[in-house]
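J.: need a 3D model of the following:
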Amino acid sequence: MLDFLSGILRESHPQYFIIEWMGLGIKVHIPASLYFKMHGVGETITLFTYLRVKEDATSIYGFLRPEERNFFEILLGVRGIGPKIALSLMGHLSLEELHNSLSGEDIQVLTKVPGIGQKTAGRLVYELKEKMIIPEGETRLTQEELETWKDVEEALLSLGYSAREVARAKNKLGDSSGLEMEGLFKKALGLLGG
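T.: Sure, this is the predicted structure:
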């Protein structure tokens, strides 16, 4: 619904930014690591966003890259993980560090993050480790295929598939060399059971 937000950074805090957009001041919750990367108050910035609507509140979460936003959404799919813990994880560990610790079942790295105990770290590893690795015998996408995949991903998300389902399909693609967007889309859709 709200894929990204581009506007003038008016306030910068470790937990959130205030971004001016069309005369409105929009509060965007961020991982703490993002605060240290952007100090340009008064400059125009673009954040990839996740909109969370609940009965009592609407919140916007912002990230530098769409991959980070998508991973945030995957984290929220884990039982017992809310936005606060997901932001804490992403504020203390890079996306690569998170992938490595989850796929390598490195609970010690995860428990160094404030708010993450042994039980929560174990649940994260149990529910996400399979999503962090590419199964044996399957190949990674080339740079050109990654560019094409972005369009395919957008199409799948617009069809109502979740970021988690789309990430799972991407990991299962296997050898997709030579496939153009239509072929890649059909293959991914087949893996999703569409």
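J.: now do the residue sitting furthest away from the middle of the chain against I45, distance only.
T.: Of all residues in the chain, G23 sits farthest from the chain's C-alpha centroid, using Cα atoms, centre = their mean; the distance is 28.2 Å. G23 sits at a distance of 17 Å from I45 (criterion: Cβ to Cβ, to the nearest Å). Using the backbone N, CA and C atoms, a C-beta is placed for each residue, glycine as well.
J.: could you do Q15 as well?
T.: 16 Å.
J.: so which of the two has more stuff around it?
T.: Neighbours were counted for Q15 and for I45 using other Cβ atoms under 10 Å; I45 has more, 19 against 13.
J.: for that one, phi and psi?
T.: I45 has phi and psi values of phi -130, psi 160 when expressed as degrees, to the nearest 10.
J.: and the pLDDT at it?
T.: Note for I45: predicted pLDDT of 91.
J.: what does P135 give?
T.: The predicted structure scores P135 at 41 on the pLDDT scale.
J.: buried set for stretch 185-194?
T.: Using 16 or more other Cβ atoms under 10 Å as the burial criterion, the residues of stretch 185-194 that qualify are 185, 187-189, 191.
J.: and stretch 2-11, by the same measure?
T.: Going by 16+ other Cβ under 10 Å, stretch 2-11 has these buried residues: 5, 7, 9.
J.: work out the gap between that stretch and the centre of the chain.
T.: 17 Å (Cα atoms, centre = their mean, to the nearest Å).
J.: not counting its own residues, what contacts that stretch?
T.: With Cβ atoms under 8 Å, 6 or more residues apart in numbering as the contact definition, stretch 2-11 has outside contacts at 17-22, 25-26, 28, 38, 40-51, 60, 62, 66.
J.: just the buried ones from those residues?
T.: For the contacts of stretch 2-11, a neighbour count by 16+ other Cβ under 10 Å gives the buried set as 17-19, 26, 28, 45, 47-50, 60, 62, 66.
J.: show me the domain layout of this structure.
T.: Structural domains assigned to the chain are 4-63, 67-131, 143-191, following automatic domain parsing.
J.: state the helix or strand in which A167 lies.
T.: With secondary structure defined by DSSP states H and E, A167 is part of helix 163-172.
J.: likewise I116?
T.: Using DSSP H and E, no helix or strand contains I116.
J.: for the closest residue to I85 other than its chain neighbours, what are its contacts?
T.: With sequence-adjacent residues excluded and distances taken as Cβ to Cβ, 6 or more residues apart in numbering, I85 is closest to G115, at 5.3 Å. Under the criterion of Cβ under 8 Å, 6+ apart, the neighbours of G115 are 84-85, 88.
J.: same question, S88
T.: If a contact means Cβ under 8 Å, 6+ apart, then S88 has 31-32, 113-116 as its contacts.
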